[in-house]
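Peer 1: Provided below for reference: sequence and predicted model.
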Amino acid sequence: MGQIEVPVVRNILQANERLAASNRRRFQEAGIYVINLMSSPGAGKTSLLEKTIDGLAGQLRMAVIEGDIQSSHDAERIRTKGVQAVQINTEGGCHLDANMIQIAVESLELENLDVLIIENVGNLVCPAEFDLGEHDKVMILSVTEGDDKPLKYPLMFQLSSVLVINKVDLLPYIHCDVQLIRERTRQLNGNQEIFEVSCTSGSGMDLWLEWLKKKVQGVKDQLSRQGEA
Amino acid sequence: MPCFAAGGDHPRQGGSLNDLNSWHEDSIVHELSIAQSLLEIVLEESRKHRMTKVRVIRLQVGELAAVVPDSLMFCFGMISENTVACGAILEIEAVPVVARCSQCQLMFEVENHVFSCPECDVPVMDLVSGRDLSVMSMEGEREESDGAD
């Protein structure tokens, strides 16, 4: 028996990253804008989706991939809005990965869509680590969770292009400093877009919807430029 | 950070033994899926290098990576039983978070999660390191050479 030391130098998540790159190509070819929507459980991911579907009805063609540990409750909520929804049950898994998305996408007609929103499993840690092939990571923080969350879950805040601060209608009743959330998340990601909304009252939704429409148009413009080139 | 610190969907409440069991299974699954990818790489490399035993696996884990070393070691120990990597030690080197300013090109270590350039005071998104999750090298025993090399 000879002792040896061998160099390896390989990324442990390379399998996921290869699949994510393949998903990304697929989305780009179809000309659709894709969001990876993340938050802790109960922050309002499905509520934001419902309000977004209502707000964009007749303007954009949407589909949703729902990631949950169990149940198809959320996909059913979305389907009652007349939008295609695919449910992924991770059976204990705390995050979605690129492979699950590749399989789920097969049951969607991507060419007939403008925007796909992937609702990740409710969790502020693990989902941030796994690229799904999305254009942007969007996270929701509800004010009832407290203003200390950017300090405790820095990776998710650092990677998210957008922070939606939800449940602002509850601010009069709780101790949460939105300005402090803004300052803390700015330190992690100075380019982040921040929207303050209430999915219950509908306040602030217009700015979020405008942003989303602009992003969808950006992907379409890019595709048509490529077509001309 | 491990999943059980995640504020996650894991069923923590409800006092039955069933709930408790499912919580334990869920709580390690994020590091478990990383450990599985790691084991695949280790087994593939050990075949390539005709290793009969892997004793040490050296890893680099970025300080911003959402991985807890203890949890990863525990998961890896569990799934590597009955393989050449059974009992292997994971030596984990923490990689600091380093960013590069897009204006002045200064490379600096990010401290206290402040991602802005200390010179220009502009937000910095370009990470040079800190999200690393890589196998760097392995040490162990190799099959007796048959004289071919």
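Peer 2: Done, it's in.
Peer 1: list the contacts of the residue nearest to residue A:148 when sequence neighbours are not counted.
Peer 2: Nearest residue to residue A:148, sequence neighbours excluded (Cβ to Cβ, 6 or more residues apart in numbering or on different chains): residue A:184, at 8.0 Å. From N, CA and C alone the C-beta is placed, and that goes for glycine too. Applying Cβ atoms under 8 Å, 6 or more residues apart in numbering or on different chains to residue A:184 gives the contacts A:147, A:148, A:150, A:151, A:157.
Peer 1: name the element residue A:184 belongs to?
Peer 2: helix A:178-188 (DSSP states H and E).
Peer 1: could you export that helix as PDB, CA atoms only?
Peer 2: This file holds the C-alpha atoms of helix A:178-188, laid out as PDB (Å, rounded to 0.1, in the frame of the first residue of the first chain):
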ATOM      1  CA  VAL A 178     -38.300  49.400   8.600                       C
ATOM      2  CA  GLN A 179     -35.600  52.000   8.300                       C
ATOM      3  CA  LEU A 180     -33.300  49.700  10.200                       C
ATOM      4  CA  ILE A 181     -34.100  46.800   7.900                       C
ATOM      5  CA  ARG A 182     -33.200  49.100   4.900                       C
ATOM      6  CA  GLU A 183     -29.900  50.100   6.500                       C
ATOM      7  CA  ARG A 184     -28.900  46.600   7.400                       C
ATOM      8  CA  THR A 185     -29.800  45.100   4.000                       C
ATOM      9  CA  ARG A 186     -28.100  48.000   2.200                       C
ATOM     10  CA  GLN A 187     -24.800  47.100   3.800                       C
ATOM     11  CA  LEU A 188     -25.100  43.600   2.400                       C
END
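Peer 1: helices or strands up against the very next helix or strand once past that helix?
Peer 2: Using DSSP H and E, the helix or strand that follows helix A:178-188 in sequence is strand A:193-196. Judged by 3 or more Cβ pairs under 8 Å, 6 or more residues apart in numbering or on different chains; DSSP states H and E, the packing partners of strand A:193-196 are strand A:162-166, helix A:178-188, helix A:205-228.
Peer 1: what about the last one, distance to the chain center?
Peer 2: Mean-position distance between helix A:205-228 and its chain equals 16 Å (Cα atoms, centre = their mean, to the nearest Å).
Peer 1: then stretch A:167-184?
Peer 2: Put simply, stretch A:167-184 sits 22 Å off its chain's centre (Cα atoms, centre = their mean).
Peer 1: which single residue of chain A ends up nearest chain B?
Peer 2: The minimum distance from chain A to chain B, using Cβ to the nearest Cβ, falls at residue A:190 (2.1 Å).
Peer 1: I'd guessed that residue sits against residue B:122; true?
Peer 2: Yes. Residue A:190 lies in contact with residue B:122 (Cβ atoms under 8 Å); the separation is 7.1 Å.
Peer 1: these two: who's more crowded?
Peer 2: Counted by other Cβ atoms under 10 Å in any protein chain shown, residue A:190 and residue B:122 do not tie: residue A:190 has more neighbours, with 16 against 13.
Peer 1: and that one, what does it touch?
Peer 2: B:115, B:116, B:122, B:123, B:124, B:125.
Peer 1: and if we set it to 6 Å?
Peer 2: Neighbour list for residue A:190: B:116, B:123 [criterion: Cβ atoms under 6 Å, 6 or more residues apart in numbering or on different chains].
Peer 1: that older thread, so how far is residue A:182 from the residue of chain A closest to chain B?
Peer 2: Taking Cβ to Cβ, to the nearest Å as the measure, residue A:190 falls 11 Å from residue A:182.
Peer 1: then residue A:125?
Peer 2: Taken as Cβ to Cβ, the span from residue A:125 to residue A:182 is 22 Å.
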